[in-house]
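*Asks:* how would this look folded up:
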Amino acid sequence: MTVKAPVQPVYGSGQTLTPAAASATVAIPRGNKQEIVTNLGLNVGYFRIGKAGLGSATIADYPVPPGAQVVVTRSEDDDQMSHMSPLGTTFHIMNGEGF
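*Replies:* All right, here's what the predicted structure looks like:
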């Protein structure tokens, strides 16, 4: 079942990432319930969100097609995002709060 709920971006929390074939991890602020991920590039990218030690992102994780935006719910304690793209791409990520 899909629940459509608006999300309020946390302005000023955005980061631009460059996922590559090797997985990389970036810190994300705690305290928010959603993460907005936009694929600004031309290739699919993958990510996973969790706490320290979450492991490397792989093609088995959440895919974001080129030009697409997704909003995922996460734990308020999550503080890490791992990302990768076999052919390389650009992600923009931002914290958010759903209503």
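
*Asks:* alpha carbons only for contacts and neighbour counts from here, please
*Replies:* Noted.

*Asks:* In the longest strand seen in the chain, which of the residues would be classed as buried?
*Replies:* Looking across the chain with DSSP state E, the single longest strand is strand 91-98. Using 16 or more other CA atoms under 10 Å as the test for burial, strand 91-98 gives 91-97.

*Asks:* ok, now stretch 8-19?
*Replies:* Using 16+ other CA under 10 Å as the burial criterion, the residues of stretch 8-19 that qualify are 9, 14, 17-19.

*Asks:* Same check on stretch 34-42?
*Replies:* 34-41.

*Asks:* The residue minimising distance to the centre of the chain: what's its closest spatial neighbour, skipping adjacent residues?
*Replies:* The centroid of the chain falls nearest to V37 when counting by CA atoms, centre = their mean (4.5 Å). Excluding its sequence neighbours, the residue lying closest to V37 (CA to CA, 6 or more residues apart in numbering) is I93, at 4.6 Å.

*Asks:* ok, H83 touching N39?
*Replies:* No. The criterion here is CA atoms under 8 Å, and H83 misses it with N39 at 11.5 Å.

*Asks:* The closest residue to P63 other than its chain neighbours: which element?
*Replies:* Nearest in space to P63, with sequence neighbours left out and distances taken as CA to CA, 6+ apart, is Y46 at 4.4 Å. Element membership for Y46 (DSSP states H and E) is strand 45-50.

*Asks:* Could I get the CA-only coordinates of that strand as CSV?
*Replies:* Written as CSV, here are the backbone C-alpha positions of strand 45-50 (Å, rounded to 0.1, in the frame of the first residue of the first chain):
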residue,chain,number,x,y,z
GLY,A,45,22.4,5.4,-8.6
TYR,A,46,21.8,3.3,-5.5
PHE,A,47,21.8,4.1,-1.8
ARG,A,48,21.1,2.8,1.7
ILE,A,49,20.6,4.7,4.9
GLY,A,50,21.4,3.7,8.5
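
*Asks:* counting contacts, what elements does it pack onto?
*Replies:* Strand 45-50 sits against strand 62-64, strand 80-84, with contacts defined as 3 or more CA pairs under 8 Å, 6 or more residues apart in numbering; DSSP states H and E.
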